[in-house]
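**Q** got a structure for you, letters missing:
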Ligand code: UDX
């Protein structure tokens, strides 16, 4: 099959490479010539394990190319995937659809034969139906809009795309051509369907809402355990042990019950806010009002860690030397969008501390958004004469650290484990003051 993918960020670049891996003839499209040039050269412009190999293999096989030319893309295929970003609007909760609209407004008039736009981005419910109207107003030919939400996690993007838990396809059943759309999408995903990955066919609104509610559920699960973690702190209970015990109940499950600094990234925080904003527009704001508390619990963990750092420095951060290990919003990613780690580093600096950050992959991105922090090129450089060390992203490099690695460099043997990822017993036994979240 021939297809295009608009947008070459974490989602679009992965989708384009993986569709080529499935044997399709794919054109990836982006308005940023720099990104297109890198991808065309076989270089992934962000860190995503395994993606570069898939990209290079498919470029070499001639199944994948990249362009900034929309007319080239319009002519290439009848199936156009939409994978551009839908960030939070500045100063508002709602999602900004300007990139989605820009693709549709540019692409639709260029179509020379009936085509379909298949949305993968996370959008507020109702967007797909409105985009159908918008595309048809601008096109000379028939255009269908379908929604096929993407559930990939950064760090596991390739595996999540080639072996997803499920495929969801939302169609506009009022349209005569909806069967034609379904046929094409089933053919694109034929290998996955043959591998018995569940394929759920639904309407546009349900497909959009599946994605939004999946992320809202995951965010709620994390904030639930973090709320319990606050109670653990008040009583001396141990949230990790508690989560392990809860997790044995198959109805609950252990995944996404890691208490700590909470969720960040380009999806969960903005998706719950956009869900609240959209539900408000629909007159159903009370239905998801609890998500405000989910957000509050999440943000409270960040200030809690700042307070813990102050306590570790004798009550004030003024003039303290603080080492922050981790800047990415999670390990195996260089993404610092709404990163709890970087947010905490910034707050500690505002309290007058000298903050030095080290992350195996995210320093470059961090420097761009937070140029005033100090950045180190290694753990020992970051921890040099530190009054306290904070582990805020659970990279393997940090979980493998032992007290003897840091003993010779720090000024004070004090460590805050923002992800409950270190062996507290070992650190305490070596004479360190260890503090975790929701652990005694
Ligand atoms: C998420 C969804 O998982 C994915 O399905 C969707 O397509 C995009 O949004 P992602 O943003 O890549 O994926 O990260 P995820 O692995 O979900 O982690 C999100 C945040 O939650 C991270 O900051 C992580 O550190 C935090 N988290 C995760 C916890 O604090 N505790 C946990 O138990 C799990």
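**A** Good, I have the coordinates. All of these numbers come straight from a predicted model, not from anything done at the bench.

**Q** Can you give me every residue that contacts the residue of the stretch 301-440 of the chain found nearest the ligand?
**A** The nearest approach of the stretch 301-440 of the chain to the ligand comes at residue 330, 3.9 Å away (C-beta to the nearest ligand atom). The way it works is simple: take the backbone N, C-alpha and C, and place the C-beta from them, glycine included. Counting by C-beta atoms under 8 Å, 6 or more residues apart in numbering, residue 330 touches 154-155, 264-265, 393-394.

**Q** Not counting its neighbours along the chain, what's nearest the residue in the stretch 1-150 of the chain that the ligand sits nearest to?
**A** Nearest residue of the stretch 1-150 of the chain to the ligand: residue 150, at 5.9 Å (C-beta to the nearest ligand atom). In space, and not counting its chain neighbours, residue 150 is closest to residue 120: 4.4 Å by C-beta to C-beta, 6 or more residues apart in numbering.

**Q** Break the protein into its domains for me.
**A** 2-197, 212-295, 302-436 (automatic domain parsing).

**Q** of all those domains, which lies closest to residue 206?
**A** domain 2-197 (6.1 Å; C-beta to C-beta).

**Q** sorry, back to before: give me the neighbour count for the residue nearest to residue 150.
**A** 23 (other C-beta atoms under 10 Å).

**Q** who touches the residue nearest to residue 30 when sequence neighbours are not counted in this structure?
**A** With sequence-adjacent residues excluded and distances taken as C-beta to C-beta, 6+ apart, residue 30 is closest to residue 8, at 4.2 Å. By C-beta under 8 Å, 6+ apart, the contact set of residue 8 is 16, 28-30, 32, 35-36, 39, 45, 66, 83.

**Q** what about 10 Å?
**A** Residue 8 makes contact with 14-17, 28-32, 35-36, 38-39, 44-46, 66, 83-84, according to C-beta atoms under 10 Å, 6 or more residues apart in numbering.

**Q** Just the buried subset of those, please.
**A** 14-17, 28-31, 35-36, 38-39, 44-46, 66, 83-84 (16 or more other C-beta atoms under 10 Å).

**Q** Could you tell me which of those residues belong to strands?
**A** 28-29, 66 (DSSP state E).

**Q** Now do the phi/psi pair for the residue of the stretch 301-440 of the chain closest to the ligand.
**A** phi -160, psi 170 (degrees, to the nearest 10).

**Q** and it, how far is that from residue 323?
**A** Distance of residue 330 to residue 323, given as C-beta to C-beta, to the nearest Å: 20 Å.

**Q** can you check residue 368 too?
**A** 21 Å.

**Q** Between these two, point out the one with more neighbours.
**A** In this view residue 368 and residue 323 are compared by other C-beta under 10 Å, and residue 323 has more residues nearby, 29 against 9.
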